[in-house]
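Engineer: Provide a 3D model corresponding to the input given below.
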Amino acid sequence: MEIILLKTDKKLGPVGAVKKVSDGYATNFLIPQGIAMPATSSVMSQISAQKEREEKADKERVIESQKLAKSLRGKKVFISAKAKGTALFGSVGDKEIASAINEKFKTTFTAKDIKLTQPIKEITTQEVKIDLGHDVTTGVVIDIVAE
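Structural biologist: Just a heads-up that it's a prediction; the model follows:
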């Protein structure tokens, strides 16, 4: 019997895979457990239509990420921090940078999106990379100033 997997299975494969299994295994285990369903022509057409919708939505998300990257590229964000001379009291990290960018540009970045090799511990101006997902990155200039 041919089945379509509804859940990823270690032995059978990922969601949407079409596999040939014994009738007993399919009817007594896979189908009742909700792991698979019989691969009929109507189900196959539904699965292919769903994949097309997902691919289209993914392409739209990539385009939106690219537009956002273009609009943010090279923009400057000021962050004020307590300092003595050029040394900061403490440091400015991913969270503070994400918060400042979100506040200025009305975005929703998290600390994980900010690609900072190490926290900034001095007054400086430097470019910070932001991962927008879908293999799209951009750079924003961070200007750390003394309070």
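Engineer: list the buried residues for the single longest helix found in the chain?
Structural biologist: Among the segments of the chain that qualify as a helix by DSSP state H, the longest is helix 41-72. Of all the residues in helix 41-72, those buried under the rule 16 or more other Cβ atoms under 10 Å are 47, 65, 68-69, 72. Where you see a C-beta, it was placed from the backbone N, CA and C, and this is true even at glycine.
Engineer: now the two most distant members of these.
Structural biologist: 47 and 72 (37.1 Å; Cβ to Cβ).
Engineer: which SSE is the residue of the chain positioned farthest from its centre in?
Structural biologist: If you look at how far each residue of the chain sits from its centre, by Cα atoms, centre = their mean, the farthest one is residue 24, at 40.1 Å. If you go by DSSP states H and E, residue 24 is part of helix 23-25.
Engineer: which other residues reach the helix or strand that that helix is followed by?
Structural biologist: For helix 23-25, the succeeding helix or strand toward the C-terminus, using DSSP H and E, is strand 36-38. Residues from elsewhere that reach strand 36-38, judged by Cβ atoms under 8 Å, 6 or more residues apart in numbering: 1-7, 12, 19, 21, 26, 30-31, 43.
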